[in-house]
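Student: structure, please.
(3 chains)
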Amino acid sequence: MNLDLGPTPGLPLTGGEEEWEGPASMPSEDSALYLELDGWEGPLDLLLDLARRQKVDLRRISILELVDQYLVYIERAEALRLELAADYLVMAAWLAYLKSALLLPREEQEDPSPEELALRLQMRLQRLSAMREAAARLMGRDRLGRDVFRRGMPEGLRTDRRNRWQCDWFDLIQAYGQVEARTAPVVHVVRDRMVMTLDSALSRVSSMLGVRLDWVELQEFLPQHVDPRLRRSALASSFVAALELARLGKAELAQDEVFGPLRLRRVTA
Amino acid sequence: MSAPDDLVRAVEATLFAAEEPMTAEAISAHLGGADVRAALAELAAHYEGRGVQLVERGKRWHFQTAPDLAHLLRREREDVRRLSRAATEVLAIVAYHEPVSRAEIEAIRGVQTAKGTLDVLMEAGWVRTAGRREVPGRPVIYATTPAFLAHFGLESRKDLPGIDELRAAGLLEPVDDAMVELALAGGDEGDESDG
Amino acid sequence: MSAPDDLVRAVEATLFAAEEPMTAEAISAHLGGADVRAALAELAAHYEGRGVQLVERGKRWHFQTAPDLAHLLRREREDVRRLSRAATEVLAIVAYHEPVSRAEIEAIRGVQTAKGTLDVLMEAGWVRTAGRREVPGRPVIYATTPAFLAHFGLESRKDLPGIDELRAAGLLEPVDDAMVELALAGGDEGDESDG
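Tutor: Next up, the predicted model:
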């Protein structure tokens, strides 16, 4: 980005700061007036310049005179058909209102009074003027890099950070104990339990099928009066045995509904 | 003249070598925690009247050439950024009124401030954002930096030219709402003509 | 001490602000042709014994910080930091099982071990690489250092308490704690990659 903005040749009449095309694009009949109009940054800036021409302290300017001067300027600019930005016209309207209010009989005034408004305007002009002066005084100071200089080739300071690590004995030993405790092999002991093997289930189911002709529920093939855990094993094995017999074409399977009783019967060739 | 003691020499060497201005705390930290304030005062006195000076800017210390030698040292290439009039005004307003919102800057100048103007000042390192004002809309507020003070040779904002007089004259008081309305003409004008 | 004259001040400021060492002729040319030799001699004498010196090297003059203060330009700062939980575990595993590869450490811990963890232990000076294991992939193996023994006050690794002693001390029991640690292990790893 170019920082060297320099003094902009055509300071804008518009509210913005970059759009102003400058004198080149303007008709030049009344260049004297134009040059005067050129270079203001907004209506307040123009007002401040007009106020300064009264050659009195800003606190003592005549607001009525200032209003008249401003309105004359705007009229002349309009007569020359200079394109004035809206805020200049708005300010003109507001000043015209202020002027009429200042001239009206006092009892008809509303709040804030026109005197109060005039005072505020005066204050604004003082404020802007003060800041402008302050800016000029700032820019005129002994500036680093222009009037005063820092060291041209500083060696530079460097701080290298190092870590000194801390750990104590107990932490170390405890950490190892926890690793050991955490990762000690877990032994699963499977207790001996009674099961019915698939082979025995297969022979049991096929022999029982051989003596029955009708549908029989799978439940009925299970041994009665035994340990419930063996019963579960027998059920699983018998079910697989039933599937196996069906696969071999020795039995038919039927189940009327989901989770309903499973029935089987012998296939009679 | 008496020889400087070790701490004074160390502070002198540290600030000579430093690439950026340093606070007393930073110098102290660099030197292992010693109290360096007396050494800084002694050094500042020692360099008084020499071609090089020790100065404090925004609580940071650095060496720089004496201002009266500017004519000898000014270089052909100008390091200093040239600012537009708008930018210098905005900078002054931020410095004298900080922290200040963009609307407040515009109220004082009576004109809209291009976004780029504040960007230029921030890029120069002289202005920074300083949070948001806790009012409706929570506008960003701006303030100056230590680099601003260093660049313009100010020990602190109290040294801003004429700041006491301006304050006494009431010119640095917060811009009241009426003025903000007045500044940002348009719709507000309508209200006032009605009133 | 007597105030320096204007030429001395000008030479002082010129050399201070210069971006490279300058010959007496260059300084003279910069200052409008004045004879600067006496001023250089006076300045060199003035800065003798201070934290900054004016030196001539190969006919060129420049300021530099005093050689005995060179250590100020590059300081080392030590930050004391506690070993993370994960790093402590890895250190313990290396100590009990050395030499051990990273994969073996992970197998023992049951948790992946960030590369940074071993780096921290090596930075601390407690673990070193001890060659490579002659197996496929030739992984680097790690072992403890004499500094490790010294830090923990051990004559040798034989002084590390055995598993039975750990159990007797109740250090193998806290399964609940171990579960907590396991849960935390992930977080610890994250810390280490930062470190």
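Student: please put the alpha-carbon coordinates of the host helix or strand of A:L98 into CSV.
Tutor: Using DSSP states H and E, A:L98 maps to helix A:86-103. Coordinates of each C-alpha in helix A:86-103 appear next as CSV, following Å, rounded to 0.1, in the frame of the first residue of the first chain:
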residue,chain,number,x,y,z
ALA,A,86,-25.6,17.0,-0.6
ASP,A,87,-24.1,17.8,2.8
TYR,A,88,-23.3,21.3,1.7
LEU,A,89,-26.9,21.8,0.7
VAL,A,90,-28.2,20.2,3.9
MET,A,91,-25.9,22.5,5.9
ALA,A,92,-27.3,25.5,4.0
ALA,A,93,-30.8,24.5,4.8
TRP,A,94,-30.0,24.0,8.4
LEU,A,95,-28.2,27.4,8.6
ALA,A,96,-31.2,29.1,6.9
TYR,A,97,-33.4,27.5,9.6
LEU,A,98,-31.1,28.6,12.3
LYS,A,99,-31.0,32.2,11.0
SER,A,100,-34.8,32.4,10.9
ALA,A,101,-35.0,31.0,14.4
LEU,A,102,-32.5,33.5,15.6
LEU,A,103,-34.6,36.3,14.2
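Student: Three-state assignment for A:A254, please.
Tutor: Under the three-state scheme (DSSP: H, G, I helix; E, B strand; the rest coil), the conformation of A:A254 reads as strand.
Student: show me what contacts it?
Tutor: Taking C-beta atoms under 8 Å, 6 or more residues apart in numbering or on different chains, we find A:A254 in contact with A:W215, A:L262, A:R263, A:L264. Placement of C-beta: from N, CA and C, glycine included.
Student: so which of those residues is the most crowded?
Tutor: Among these, A:L264 has the most neighbours (other C-beta atoms under 10 Å in any protein chain shown), with 27 neighbours.
Student: tell me where chain B has helices.
Tutor: Residue ranges of the helices in chain B, as given by DSSP state H, are B:6-17, B:24-30, B:37-47, B:70-73, B:85-97, B:102-109, B:115-123, B:146-151, B:163-168, B:177-183, B:187-194.
Student: which one, of the ones you listed, ends up nearest to A:Q122?
Tutor: For A:Q122, the closest of those is helix B:177-183, at 11.6 Å, according to C-beta to C-beta.
Student: need the contact list for A:S206.
Tutor: A:A241, A:L245, A:K250, A:A251.
Student: ditto for B:V55
Tutor: Residues in contact with B:V55 (C-beta under 8 Å, 6+ apart) are B:A44, B:W61, B:H62, B:F63, B:Q64, B:G153, B:E155.
Student: follow-up on the earlier one: can you narrow the contacts of A:A254 to ones near chain C?
Tutor: Here nothing survives when the contacts of A:A254 are matched to chain C using C-beta under 8 Å from any C-beta of the partner chain.
Student: and which of those residues is nearest chain B?
Tutor: Within the contacts of A:A254, proximity to chain B (C-beta to the nearest C-beta) peaks at A:L262, which comes in at 73.0 Å.
Student: touching, the closest one and A:F239? I think so.
Tutor: Yes: using C-beta atoms under 8 Å, A:L262 is in contact with A:F239, at 7.3 Å.
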